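Participant: pasted the sequence and its predicted model underneath.
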Amino acid sequence: MEWVIENTTDDIQKGAVFADPDVTDPCVLHHLLADTVDGNRELVHQALSLASQRGGALSAGAGKTLYDMIPHELPAGVIPPGKPAELENWARKHLFEETFQQVKSERERIAGVTERFLEESFSALLAEADRQILGAEDEGDRGVPGAQGRVRQAELAKEAHRQRRDERVAIARRSGLVNRGQISLLGSVVVLPAGAEAHEEDEEPHEADPSGLSNAEIEAIAMGEATRYETARGARWESTEKDGCGFDLRSVSVSDRRCIEVKGRAGVAQVGLTWLEYQKALELKDEFWLYVVLECATASPRLYRVQNPAERLAGAITPSLDVRFQIKPDPVISTAEVGG
């Protein structure tokens, strides 16, 4: 992270303008970096987060990569709002506090373990020094030459161990004193709603739906089919839709782990993957599954499951101008696993 920040700061601070097919109102996304430091003034942790500004209101930005947006020009005469004066304090409270408390708790635990280890280790060294002192004193009582010098050496060694122990323990204790560090604004991005032309290739599945179902209703039906299937096969699943991680479900069974992207269509139509979803498919390979639910507007939606779609559908994936990768239904149907 440090290398990336150092080598991109100048460019990031210039800002940028993007169009997002998934937003309806313009906003500004502020990319923030929060430091956590300890009592030794050492950096303990850094966290990145996103604040969304609409007018004068701030909210937590959705975890969405800029790869899923379209580079754009700022319209003539439009002046983006400046950074809110309360941005850092707001972010500290609403974006970073939970992470800070987690880091603080873990660092306190580690500091406690380290202090106990040091106490035990130096106790053994001090005990050995005491043994050497007693041995040298016993030799002195017996008149052994040089005994007094060895007593003095053992006493100096014991004192040195004690001083090192105290120094090391003090450092360990200070390392457990975790504080909130500075919050830095790395850069800001103006996000505009994408024009209608940006949706032309991806909107026809829902526009042609005679049932009148909305996109959200169709996606809800598709998600229901996907989760019912996962439950039926004995998997434990959780929704990751709000995490912005490139897939909708994380599912674990006794035999496998699946990162599932769910797509729903009212009838039989093409589906699209965003840049992030496609990159996750490339990265996760066989752990990434594409679940396509067709005919969601009927009484019998059909679920098609494709493992590793980046590879198995490679010849059928077509990039489009609105940073989507389009896949027509026929290759999905012919490649997919169907049935229970």
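Facilitator: Received, thanks. Residues are numbered from 1 along each chain as shown.
Participant: most centrally placed residue in this protein?
Facilitator: With distances taken as C-alpha atoms, centre = their mean, the residue of the chain nearest its centroid is Cys245 (7.7 Å).
Participant: pLDDT at that residue, what is it?
Facilitator: As predicted, Cys245 sits at a pLDDT of 85.
Participant: just Glu207 next, same as before
Facilitator: You'll see Glu207 listed with a pLDDT of 44.
Participant: would you map out the domains in this structure?
Facilitator: What automatic domain parsing lists as the domains of the chain is 1-194, 196-335.
Participant: so which of those domains is the most surrounded?
Facilitator: Burial of the domains of the chain is given as mean neighbour count (mean count of other C-beta atoms under 10 Å); domain 196-335 ranks first at a mean of 17. Glycine gets a C-beta too; all of them are placed from N, C-alpha and C.
Participant: packing partners for whichever strand in the chain runs longest?
Facilitator: Longest strand of the chain, by residue count under DSSP state E: strand 179-193. When contacts are defined as 3 or more C-beta pairs under 8 Å, 6 or more residues apart in numbering; DSSP states H and E, strand 179-193 packs onto helix 2-13, strand 16-20, strand 27-37, helix 87-94.
Participant: and those as JSON lines, adding mean pLDDT and distance to Asn215?
Facilitator: Listed next are these as JSON lines, based on pLDDT from 0 to 100; distance: least, C-beta to C-beta, whole Å:
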{"stretch": "helix 2-13", "mean pLDDT": "73", "distance to Asn215": "33"}
{"stretch": "strand 16-20", "mean pLDDT": "85", "distance to Asn215": "15"}
{"stretch": "strand 27-37", "mean pLDDT": "92", "distance to Asn215": "21"}
{"stretch": "helix 87-94", "mean pLDDT": "94", "distance to Asn215": "29"}
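Participant: of all those, which one is nearest His72?
Facilitator: His72 lies closest to strand 16-20 among the helices and strands packed on strand 179-193, at 4.2 Å (C-beta to C-beta).
Participant: and the angle from the closest one to strand 27-37?
Facilitator: Per axes from the mean of the first three to the mean of the last three C-alpha atoms, to 10 degrees, the angle that strand 16-20 makes with strand 27-37 is 120 degrees.
Participant: for Gln46, phi and psi?
Facilitator: When read as degrees, to the nearest 10, the backbone of Gln46 gives phi -130, psi 140.
Participant: wait, it sits on Val37?
Facilitator: No - between Gln46 and Val37 there is no contact, the gap being 10.2 Å when judged by C-beta atoms under 8 Å.
Participant: and the closest residue to Gln13 other than its chain neighbours, what is it in contact with?
Facilitator: In this structure, Gln13 finds its nearest non-sequential neighbour in Gly187, 5.4 Å apart by C-beta to C-beta, 6 or more residues apart in numbering. Residues near Gly187 by C-beta atoms under 8 Å, 6 or more residues apart in numbering: Ile12, Gln13, Lys14, Gly15, Ala16, His31.
Participant: farthest pair in these?
Facilitator: Lys14 and His31 (12.7 Å).
Participant: the spatially most distant residue from the centre of the chain and Arg150: what is the separation?
Facilitator: Most distant residue from the mean C-alpha position of the chain: Gly143, 70.9 Å away (C-alpha atoms, centre = their mean). To Arg150, Gly143 is 14 Å away according to C-beta to C-beta, to the nearest Å.
Participant: if we can go back for a sec, would you mind measuring from the residue nearest to Gln13 to Glu287?
Facilitator: Going from Gly187 to Glu287 by C-beta to C-beta gives 33 Å.
Participant: going on from the lowest-mean-pLDDT helix or strand in the chain, what's the next piece of helix or strand?
Facilitator: Lowest by mean pLDDT, DSSP states H and E among the helices and strands of the chain is helix 204-207, with a mean of 43. Using DSSP states H and E, the helix or strand that directly follows helix 204-207 along the chain is helix 215-232.
Participant: can you list the residues that contact that next one?
Facilitator: By C-beta under 8 Å, 6+ apart, helix 215-232 touches 206, 209, 213, 237, 239, 248-249, 251, 258, 260, 262-266, 291, 293, 296-297, 301, 303, 305, 340.
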